[in-house]
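Trainee: any chance you can model this:
(one chain, ligands or ions: 2)
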Amino acid sequence: MINTLHLDAADPAARQDAIDRAARLLREGKLVIIPTETVYGLAANALDPAAVERIFTAKGRPQDNPLIVHISEFSQIEPLVSQIPPAARLLARRFWPGPMTMVLPKSRLVPMVTSGGLDTVGIRMPSQKTAHDIIAAAGVPLAAPSANLSGSPSPTNPHRCAQDMDGRVEAIVMDGDCAVGEESTVVAGEGNKALVLRPGAVTPEDLASVLGAENVTVHPSITAPLAPGQKAASPGMKYKHYAPRAEVTIVRGSGEAYRAFAAAHAGPGVWLMRFDEDGEVPGLPSLSYGSMGDPRSQAHLLFEVLREMDEKGAETVYAHGPQPGGVGLAVYNRLLRAAAFRVVDV
Ligand code: AMP
Ligand code: MG
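Mentor: Numbers count the residues shown, from 1 in each chain. Ligands and ions are numbered 1, 2, ... in the order given. Take a look at the predicted model:
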């Protein structure tokens with residue numbers, strides 16, 4: 001059983017008590033699951049190597065997969081980094097607090113275990129009020145990867161956190177569904193330029209609106225598998241990720257072509273991950289993961305629907321491919337990894 005700390009907006013004293021208890025546990029080096037606007041995070045004091053070790057153990061996460069350090073005020077960044085390039089300042093001013101992580105050269109204060117052995121550190125300032133209040137009350141930056149077992153879809157509600165993390169953490173702060181539902185955009189800044197290492201709700205177009213399109217590059221590994229021997233710019237991208245037990249295939253094409261493909265591939269254990277607009281395909285069970293033209297709705301539902309596919313006992317899943325523009329790039333990126341890059345065009 002996990003200790004649950006409930007947040008009742010109607011009872012400010014009880015809310016503050018839950019936040020204070022979470023903060024105390026974090027200061028003591030314990031693991032606490034916290035809500036953020038992206039996904040639920042498995043948090044620990046980012047500056048305490050022993051506490052950070054516990055995150056890796058609880059998740060079964062490879063040691064070379066760096067953690068994102070969460071702050072509540074911009075001033076907290078200074079001791080964590082050796083340098084803040086101009087692009088990073090501009091992006092922070094525009095997109096913090098919010099679902100964007102910046103990779104910056106780290107200071108000696110950040111333990112190597114936190115940065116996965118790299119000399120850079122990913123830093124983010126979440127916008128969700130509860131996350132902000134917990135970080136502020138803890139008084140230390142918090143390392144907080146998604147609160148799932150390594151490899152499975154990230155949790156976007158407390159129920160999914162408990163499924164993966166029961167017995168592995170001290171407490172969970174319950175605060176409903178995550179607004180975004182996908183992990184943050186990860187950006188490396190250098191000079192006036194930004195390189196997108198992982199797409200998220202802050203899109204390349206958003207970054208370009210601040211830095212100019214000529215200064216924003218999207219890393220090729222976002223939509224293509226790494227070639228043998230190629231080094232991942234963003235270590236998380238080299239692992240199989242977000243994957244249900246079922247074999248997922250992305251089917252790209254119009255609604256009509258998708259339905260025809262699905263009908264031709266019906267069989268035992270086959271499920272569809274479709275859009276609302278696709279409607280039901282006779283004889284085939286399906287779940288919708290949002291509206292075709294609304295990538296934010298897809299981002300919100302994707303991980304939950306991937307987990308539901310496991311609960312339904314799906315063995316083969318045909319997912320209607322999202323349009324990879326704007327926030328849809330993040331949806332496509334996660335789905336590609338859940339599908340181990342199996343894509344068919346119809
Ligand atoms: P998450 O598992 O959502 O907490 O996100 C962590 C991911 O952010 C990692 O798997 C990396 O892909 C990326 N990341 C974090 N820190 C760095 C870093 N220092 N350099 C490059 N990518 C990073
Ligand atoms: Mg994760």
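
Trainee: what secondary structure does the residue nearest to Leu31 when sequence neighbours are not counted sit in?
Mentor: By the measure of C-beta to C-beta, 6 or more residues apart in numbering, the closest residue to Leu31 outside its immediate chain neighbours is Val169, 4.2 Å from it. Every C-beta, even on glycine, is put in place using the N, C-alpha and C of the backbone. Judged by DSSP: H, G, I helix; E, B strand; the rest coil, the three-state class of Val169 is coil.

Trainee: also Arg93?
Mentor: Reduced to three states with three-state DSSP, the structure at Arg93 is helix.

Trainee: neighbours of it, just the number please.
Mentor: For Arg93, the number of neighbouring residues by other C-beta atoms under 10 Å comes to 10.

Trainee: for it, give its distance to Val210.
Mentor: Here the criterion is C-beta to C-beta, to the nearest Å. By it, Arg93 lies 8 Å from Val210.

Trainee: for the residue in the stretch 151-300 of the chain positioned nearest to ligand 1, helix, strand, or coil?
Mentor: Among the residues of the stretch 151-300 of the chain, Gly236 lies closest to ligand 1, at 2.0 Å counting by C-beta to the nearest ligand atom. Under the three-state scheme (three-state DSSP), the conformation of Gly236 reads as helix.

Trainee: per-residue confidence at the nearest residue to it once chain neighbours are set aside?
Mentor: Here the nearest residue to Gly236 in space, its sequence neighbours aside, is Asn65; by C-beta to C-beta, 6+ apart that works out to 5.5 Å. Predicted confidence (pLDDT) for Asn65: 94.

Trainee: count of residues packed around Asn65?
Mentor: Under the neighbour criterion other C-beta under 10 Å, Asn65 is assigned a count of 19.

Trainee: ok, now the one 10 residues further on?
Mentor: Other residues near Ser75 come to 8 when the count uses other C-beta under 10 Å.

Trainee: where does it land in three-state SS?
Mentor: Here Ser75 is helix, with the state taken from three-state DSSP.

Trainee: kindly report the same for Arg15.
Mentor: Bear in mind the rule, three-state DSSP; under it Arg15 is helix.

Trainee: how close does Ile71 get to ligand 1?
Mentor: Going from Ile71 to ligand 1 by C-beta to the nearest ligand atom, to the nearest Å gives 14 Å.

Trainee: that residue contacts Ile77, doesn't it?
Mentor: Yes: with the criterion set as C-beta atoms under 8 Å, Ile71 and Ile77 qualify as a contacting pair; they are 6.1 Å apart.

Trainee: and the residue of the chain found nearest ligand 2, what are its bridge partners?
Mentor: Using C-beta to the ion, the single residue of the chain nearest to ligand 2 is Ser146, 3.4 Å away. Applying DSSP bridges to Ser146 gives these bridge partners: Gly41.

Trainee: tally of neighbours for it?
Mentor: Burial measure for Ser146: 30 neighbouring residues, criterion other C-beta under 10 Å.

Trainee: please list all residues in contact with it.
Mentor: The contact partners of Ser146, taken as C-beta atoms under 8 Å, 6 or more residues apart in numbering, are Val39, Tyr40, Gly41, Leu42, Ser154, Pro155, Glu183.

Trainee: the spatially closest residue to the first one that is not a sequence neighbour in helix, strand or coil?
Mentor: In this structure, Val39 finds its nearest non-sequential neighbour in Ser154, 4.1 Å apart by C-beta to C-beta, 6+ apart. The three-state label given to Ser154 by three-state DSSP is coil.

Trainee: is it true that Ser154 touches Leu306?
Mentor: No: taking C-beta under 8 Å as the definition, Ser154 is not a contact partner of Leu306, at 9.5 Å.

Trainee: where along the stretch 151-300 of the chain do the helices fall?
Mentor: Counting by DSSP state H, counting those that start in this stretch, the stretch 151-300 of the chain has helices at residues 158-165, 204-211, 255-264, 295-312.

Trainee: would you list these in TSV and tack on mean pLDDT, distance to His6 and mean neighbour count?
Mentor: Supplementary listing: the helices of the stretch 151-300 of the chain in TSV, determined by pLDDT from 0 to 100; distance: least, C-beta to C-beta, whole Å; neighbours: other C-beta atoms under 10 Å:
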stretch	mean pLDDT	distance to His6	mean neighbour count
helix 158-165	95	10	20
helix 204-211	98	34	18
helix 255-264	97	42	16
helix 295-312	97	21	22
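
Trainee: tabulate the ones you listed (TSV), appending distance to Ser286.
Mentor: Below are these laid out as TSV (distance: least, C-beta to C-beta, whole Å):
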stretch	distance to Ser286
helix 158-165	21
helix 204-211	31
helix 255-264	8
helix 295-312	10
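
Trainee: of those helices, which is nearest Phe341?
Mentor: Between Phe341 and the helices of the stretch 151-300 of the chain, the tightest spacing by C-beta to C-beta is seen for helix 295-312, at 15.7 Å.

Trainee: that closest one relative to helix 158-165, how many degrees between them?
Mentor: Orientation of helix 295-312 against helix 158-165 (axes from the mean of the first three to the mean of the last three C-alpha atoms, to 10 degrees) gives an angle of 50 degrees.

Trainee: and for the very next helix or strand once past helix 295-312, what's in contact with it?
Mentor: Past helix 295-312, heading to the C-terminal end, the next element that is a helix or strand (DSSP states H and E) is strand 316-320. Under the criterion C-beta under 8 Å, 6+ apart, residues 244, 246-251, 255, 258, 261-262, 265, 267, 269-275, 278, 289, 292, 309, 335, 338-339 lie in contact with strand 316-320.
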